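Chemist: The following block contains a protein sequence and its predicted model.
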Amino acid sequence: MLDGRIATTDLCLPIDSMLAWAWMAKHHPDLLSHDPTRTKGVEIIDPILPLVKRETNGHWYWAASFALGEPKKEFRTHWHKRYDLQAAVEYADFDGRRGKVDVGRGNYKNYRMPLTIFLVPELTWYVVGDLEAIKDLVCCITSIGKKRSQGYGKVREWTVEAADEDLSNLRAIPDPDGDAIYGIRPPYWLESNVMRVVMPNDRRLAARAVFSS
Amino acid sequence: MNYTGRLEGLLTLLAPLSHIGESHGPDSYLDTQYIIGPDGYPVEIFCYHGNAFRGMLRDCGSKYMLDRLGKDGRVQVPLDVFYLLFSGGSIGGDQSVDIDQARRIRQAIPLLSVLGGGVGNQILPGKVNFGDAFPLCAEVQHMLPEHLRSEKHISWRQMTSERSFSRKDDAKDDNLRTYLQPEDRPLLEAGGQMALPLETEKVAKKKDAPQQMRYTIEVLNAGAKLWMRIDVRDLTEVEFGALVSAFDEWSKAPYIGGQNRIGFGRVAAEFSWHDVRGPEERDFLQISDKGRYLSETAQNAKKLYDEFLNQYTEYLTEKRDGLVKLLEAN
């Protein structure tokens, strides 16, 4: 990571989710960041990722781990949004009415929103797939986590190389007797992809810093 | 041709920079964040927020566009459209997605396509990520491009100072009291009627509130340099021109941070462009007291955007309602 700051709530940071974003940016940029369940006439697209598919208990998922790493610190910061009064004097047309804007509530409300940041120098993921195709996708990913447009989660560089061991199962695995509820494949927020899972209890996972605290 | 890559900027402070994080009473302190330092451990550092720079460029880009579209006079837009252009908008009602509308908005307002926003009842993602600007200091050596690294860089904590100001109560200045109406005299005549001063509880409370105060602002000193990185993804030529136009507008008054009214935050800026597919362009954009310089790439993109706006100006003169309807909520 460039400066180590990642805005995230759980540090799971599934790599298949990021690869799916990169695939959509390449093949369907118009649909990027759009919720298919609220889009008329658009079918849900399952990105065709260069990863092996696995299946457990009748549900499929990609052979891609959650993030492994050692968070050094957690802290809270804020981002702000304010109504631009100075520009409004010049450019807003109140249609002959008195120009009064309520910034305490409603559409034009000012915001001071908290944001949780984790400091992690380096993250590692394990996947089973096509190395060259994965390299081609990750080169488009310049930031990870939330609030990327505000500068958080900047990536210094990606290194994609063959690994000695397969740890791609260090991720949420579908299990009706599982003790957690989480997404199993991208988009992870899609209700139909969220179900009972078993979360791995491995100290190498960055998420352990959140779930074990 | 589409543009994907990054802009790397070096901002040189020509005046102190105020960018407040916390305030305690009348004293304000620089905003700091924790990052991973050169030794792999957390270190606290001042940074000028990428979100602040983004908001500022959004304002500049919108001003450039509206002033250009106005040609014979200033364009004023309805409140919803103003809020979208200058603050990023908001979304209301049941969220739904209209892909065709999103495409039309991106084509009609390239600046909005670049910076994104909440339009009607859908979110239009932007295509630019603005990183925080960090001072060139010991704490960020590992993050800087090689040509900016130096063992001689000092800690950012040695680049700050405190500036104190006095807010005077001019009513207590004997030289100015001649302009202050005594309390026992009637107000000026108006329309043949004499108005008498009426002291309400509110007026009495205001009179008792002290006007004089001493306040202190922690600043980053003039002469310090800040480095920032802006990632750009898949911009069309016109959209790239819209981004350049925002910088162009900013170059007319290149300030960052607060207290601009007293000259704080004035900068000189140099930006280089690093396309993922091509060689880097060192002198993409330069802003200094001598003026503004754009590289050939920047000039060509801006020219294309200006031509787009010029064509649209004629259309907009007749069909301004069409633009508003496109952007307003259903």
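Modeler: Thanks, I have the structure now.
Chemist: Please settle this for me: is A:Gly178 part of a helix?
Modeler: No. Counting by DSSP: H, G, I helix; E, B strand; the rest coil, one finds A:Gly178 to be coil, located in no helix.
Chemist: Is it in contact with A:Arg196, as I believe?
Modeler: Yes. With contacts counted by C-beta atoms under 8 Å, A:Gly178 reaches A:Arg196, the gap being 4.3 Å. Bear in mind the C-beta positions are built from the backbone N, C-alpha and C, glycine included.
Chemist: Pick out the residue nearest the middle of chain A.
Modeler: Chain A has A:Gly145 as the residue nearest its centroid, 4.7 Å off, counting by C-alpha atoms, centre = their mean.
Chemist: now that residue, nearest residue through space, not along the chain?
Modeler: Excluding the flanking residues, the one nearest A:Gly145 by C-beta to C-beta, 6 or more residues apart in numbering or on different chains is A:Gly153, at 3.7 Å.
Chemist: Next up, phi/psi of the one you found, please.
Modeler: Main-chain dihedrals, A:Gly153, degrees, to the nearest 10: phi 70, psi 20.
Chemist: Pull the number of nearby residues for it.
Modeler: Neighbour count for A:Gly153, taken as other C-beta atoms under 10 Å in any protein chain shown: 27.
Chemist: tell me the contacts of A:Asp102?
Modeler: Listed by C-beta atoms under 8 Å, 6 or more residues apart in numbering or on different chains, the contact set of A:Asp102 reads A:108-109.
Chemist: and it, what element?
Modeler: Using DSSP states H and E, A:Asp102 sits in no helix or strand.
Chemist: For chain B, see how far away it is.
Modeler: 11 Å (C-beta to the nearest C-beta, to the nearest Å).
Chemist: Could you do A:Trp62 as well?
Modeler: Look at A:Trp62 and chain B: by C-beta to the nearest C-beta, they are 23 Å apart.
Chemist: got it, and A:Val197?
Modeler: As for A:Val197, its distance to chain B is 27 Å (criterion: C-beta to the nearest C-beta).
Chemist: for A:His80, same thing?
Modeler: Taken as C-beta to the nearest C-beta, the span from A:His80 to chain B is 7 Å.
Chemist: still on that earlier bit, does the residue nearest to the centre of chain A really touch A:Ile6, like I thought?
Modeler: Yes. A:Gly145 lies in contact with A:Ile6 (C-beta under 8 Å); the separation is 4.3 Å.
Chemist: who touches both of those two?
Modeler: A:13, A:152-153.
Chemist: Tell me where chain A has strands.
Modeler: Ranges of strands within chain A are A:5-7, A:53-56, A:59-62, A:73-81, A:92-93, A:111-119, A:173-174, A:180-183, A:194-198, based on DSSP state E.
Chemist: contact partners of the fifth one?
Modeler: It stands for strand A:92-93. With contact meaning C-beta under 8 Å, 6+ apart, strand A:92-93 is reached by A:99, B:76-79, B:82.
Chemist: out of those residues, which one sits closest to A:Lys135?
Modeler: Comparing the contacts of strand A:92-93 against A:Lys135 with C-beta to C-beta places B:Phe82 closest, at 44.5 Å.
Chemist: and that closest one, which of the three is it?
Modeler: helix.
Chemist: picking that back up, give the contact list for the residue nearest to A:Gly145.
Modeler: A:1, A:5-8, A:143-147.
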